[in-house]
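**Student:** Sequence first, predicted model second:
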Amino acid sequence: MNDGDGPLVAEIVYSHLFRDGCQSQVTDTAEALQLAVEELKARKVPYERWLPFIHMGV
């Protein structure tokens with residue numbers, strides 16, 4: 001993972017999971033990660049940098 005991408009991905013993921021002060025559901029994690037990846041794509045980050053972010057599980 002690129003050092004510059006980690007803080008951005010973490011900010012987007014946790015902002016989504018804890019939006020509006022609500023406790024997140026386990027199913028929100030995939031959506032949160034997808035939002036982070038979409039932001040990387042929107043910033044024209046090369047695919048080698050966003051490709052490692054995958055969700056496994058529920």
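**Tutor:** Noted; the coordinates are in hand.

**Student:** What's the biggest helix in the protein, counting residues?
**Tutor:** For the chain, the helix with the greatest residue count under DSSP state H is helix 28-42.

**Student:** quick one: contacts of that helix?
**Tutor:** Residues from elsewhere that reach helix 28-42 (Cβ atoms under 8 Å, 6 or more residues apart in numbering): 5, 8-9, 12-14, 16-17, 24, 49-50, 53-55, 57-58. In this view, the C-beta of every residue, glycine as well, is placed from N, C-alpha and C.

**Student:** pLDDT on that helix, on average?
**Tutor:** The pLDDT scores in helix 28-42 average 94.

**Student:** If you count neighbours, what's buried in the helix or strand following that helix?
**Tutor:** Per DSSP states H and E, the first helix or strand lying C-terminal to helix 28-42 is helix 47-50. By 16 or more other Cβ atoms under 10 Å, the buried positions in helix 47-50 come out as W50.

**Student:** quick one on the thing from earlier: buried subset of the contacts of helix 28-42?
**Tutor:** Of those, these count as buried by 16+ other Cβ under 10 Å: D5, V9, I12, V13, H16, L17, W50.
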